[in-house]
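A.B. asks: Following is a predicted model, sequence given first.
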Amino acid sequence: MSELTRRIASLSDVQGIWGLLRQVSAEVPFKMDDELEQESILSELMACCTSGLSPVLVDNEKGIVGALLARRDDFDWGFLHGEAIHVAYAAVAPGAREEKVLPALLGELQGRKVPLLASVKSGEQLGFAVALGELGFTHEVKAESGWGDLYQWSPPPSVHN
């Protein structure tokens, strides 16, 4: 595998991340043939690419091989004026699965030393829940609707502002 570069996504990455999400849609999972679901994910993608909080990994050919769609958590930001970040989606290209992409991307967010929330969709097959557990995230909520699970990580008290 080529050397990977980690950086924060911008609006110019929408097409590349959308291509990656489409490539791994069954593993994320979401239904590519459902127009409403596509609209929902595209809206989230746009919000996350402009948040300044969504890390991506790029290969030598400038292709996006891993991405976390992250932005300020709506509840925490809106009601508590907090700094928590919510990861709504994770995607990793099939050719980069052995490269520890998810820990590298999550490490970028943990380095911000703010509380993190991560949604793991029911049926997810990328190993996102496992990566979260290995990095100290705790399982907080299982949605009754079957939509997915919520995981949380908090920085040690000595480093949180």
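C.D. replies: Structure received. Residues are numbered from 1 along each chain as shown.
A.B. asks: How far away from the center of its chain is stretch 38-47?
C.D. replies: 13 Å (Cα atoms, centre = their mean, to the nearest Å).
A.B. asks: Repeat that for stretch 109-120.
C.D. replies: Worked out by Cα atoms, centre = their mean, stretch 109-120 lies 10 Å from the chain centre.
A.B. asks: How about stretch 53-71?
C.D. replies: Here stretch 53-71 is found 10 Å from its chain centre; the criterion is Cα atoms, centre = their mean.
A.B. asks: Identify the residues contacting that stretch?
C.D. replies: 1-9, 13, 16-17, 19-21, 44-45, 47-48, 51, 72, 85-93, 95-96, 99, 101-102, 104-106, 108-109 (Cβ atoms under 8 Å, 6 or more residues apart in numbering). Just so you know, the C-beta spots here come from the backbone N, C-alpha and C atoms, and that holds for glycine as well.
A.B. asks: Need the distance between the two termini of that stretch.
C.D. replies: Counting by Cα to Cα, to the nearest Å, you get 6 Å between the two ends of stretch 53-71.
A.B. asks: now swap in stretch 117-125 and tell me
C.D. replies: 19 Å.
A.B. asks: What of stretch 144-158?
C.D. replies: 35 Å.
A.B. asks: Over to stretch 66-83?
C.D. replies: 24 Å.
A.B. asks: ok, the closest residue to Val14 other than its chain neighbours to Arg7 distance?
C.D. replies: Taking Cβ to Cβ, 6 or more residues apart in numbering, and ignoring the residues beside it in sequence, Val14 has Cys49 as its nearest neighbour in space, at 5.3 Å. Cys49 sits 12 Å away from Arg7, going by Cβ to Cβ, to the nearest Å.
A.B. asks: between those two, which one's more packed in?
C.D. replies: Cys49 (24 against 12; other Cβ atoms under 10 Å).
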